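**Q** structure of the sequence below:
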Amino acid sequence: MSDHRLPKISVVIPCFNYERYVAPAIESALGQDYPNKEIIVVNDGSTDGSAQIIGRFDQRITLIDQQNQGHIASCNRGYAESSGDVVLFLDADDLLEPTALSQVAGAWSPRYAKVQFDLKIIDADGVDTGRRFCNFAAGYGTAQAARAFARTATYRWPVTTGNAYSRFFLDQMFPLQIKEAPDGHLNTVAPLYGEVAVVAKVLGAYRVHGANIWASTGSDSSRLPHRIHTRQREVALLKELAHRMGKSLPAGNVLDHELPMLNYRLMALKLQLPYQQHEVDSVFALACQGCRLALTEPLTLKHRIGHVGWFSLLSLMPKRGVPYLIRLRFNRSELLQSLRRSVGLAPVRL
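**A** Okay, here's the model as predicted:
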């Protein structure tokens, strides 16, 4: 790919039984103000009305119908059919802002393994909850991500929709041989292959609707050990690939440098849910490390205070109160929206 031409960007949309959301997802990809693009939709044997809805767009997209094989197989098939210099996997329940691809292209360079950007979090009805993922602080950019990875072997990255990957990187990773969570797999190892560019703007929307595999509503705490174990496997892959490539990584537990994983481990300990290596963790140590990270990571003052308050309160909360506290934490935006409605104010819509 030459620096002197705009890259072709492929948007791959895997879909299984998302009839409620898939049309807006496709429309958001088709509505991009960027001309050099292709939209590939993989219908993974949907049994609802998804196939009929996707079919309405068949003159403007590349449509792949396959028997149900799972999300990873859909990503593999979509990637195999793509031809872009850059590939973005758009979950069928998520959205892109109209300028997302043009801003990715504007930030692009052949030396990048990926470009990542912020996402707003919306609910099932498309209401903006006021939360962001990753909620990059002002000034957090490519150099900051590189320094974080060099120091800790991790960095801040968004979920699937907030990443646009280079073909040279994906060619070395596909077909994926994992069972789930392709974004964690790819984002964890991307810095081994090239720089990570950061566009600290909201260029898409991540929809939380209760049926997400990884987004938490606070009522699914039993899945915490699985989430922790999945992240541990991703870090193990990072170490394996770094060893093969002759690259060194900093010593220590990578998960001690990730606020979400410190949070998951602390919640699991408080709920007495065993997870791999839980015996070396303690409530006090996890809470202290969480507060330490909150004060040293590139966060806004509001979020520093919020994280310190959360880790402190969670560590001190008696076990019987922990489930209620967790539900309050993960549903706080929805509660605020309900309060707005109760006093006659309109909810904030996307």
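
**Q** helices and strands around the strand or helix carrying residue 120, which ones?
**A** Residue 120 belongs to strand 112-122 when elements are defined using DSSP states H and E. Helices and strands touching strand 112-122, by 3 or more C-beta pairs under 8 Å, 6 or more residues apart in numbering; DSSP states H and E, are helix 100-107, strand 128-133, strand 163-166, helix 182-189, strand 195-207. Heads up, the C-betas are built off the backbone N, CA and C, glycines and all.

**Q** out of the ones you listed, which comes closest to residue 228?
**A** Smallest distance to residue 228 across these (C-beta to C-beta): 11.9 Å, for helix 182-189.

**Q** that closest one - contacts with which helices or strands?
**A** helix 71-81, strand 112-122, strand 163-166, helix 224-245.

**Q** that one vs strand 112-122, what angle?
**A** Per axes from the mean of the first three to the mean of the last three C-alpha atoms, to 10 degrees, the angle that helix 182-189 makes with strand 112-122 is 140 degrees.

**Q** what pLDDT, on average, does helix 182-189 get?
**A** Here helix 182-189 scores 97 as its mean pLDDT.

**Q** which residues are contacting that helix?
**A** Helix 182-189 has contacts (C-beta atoms under 8 Å, 6 or more residues apart in numbering) with 71-72, 75, 89, 114, 116, 154, 157, 159-160, 163, 165, 169-170, 173, 176, 178, 230-231, 234-235, 237-238, 241.

**Q** rewinding a little: okay, now the sheet partners of the strand holding residue 120, with direction.
**A** strand 128-133 (antiparallel), strand 163-166 (antiparallel), strand 195-207 (parallel) (DSSP bridges).

**Q** most tightly surrounded among those?
**A** With neighbours defined by mean count of other C-beta atoms under 10 Å, none of the strands paired with strand 112-122 is more surrounded on average than strand 163-166, at a mean of 26.

**Q** and that strand, C-alpha only, in PDB?
**A** Output of strand 163-166 as PDB, limited to C-alpha atoms (Å, rounded to 0.1, in the frame of the first residue of the first chain):
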ATOM      1  CA  ASN A 163     -10.500  -1.200  15.600                       C
ATOM      2  CA  ALA A 164      -9.400  -1.000  12.000                       C
ATOM      3  CA  TYR A 165      -6.700  -3.600  11.200                       C
ATOM      4  CA  SER A 166      -4.000  -3.600   8.600                       C
END
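
**Q** what does it contact?
**A** 9, 85-89, 101, 104, 108, 110, 112-116, 157, 183, 186-187, 190, 194.

**Q** quick check: residue 98 touching residue 31?
**A** Yes: applying C-beta atoms under 8 Å, one finds residue 98 in contact with residue 31, separated by 5.5 Å.
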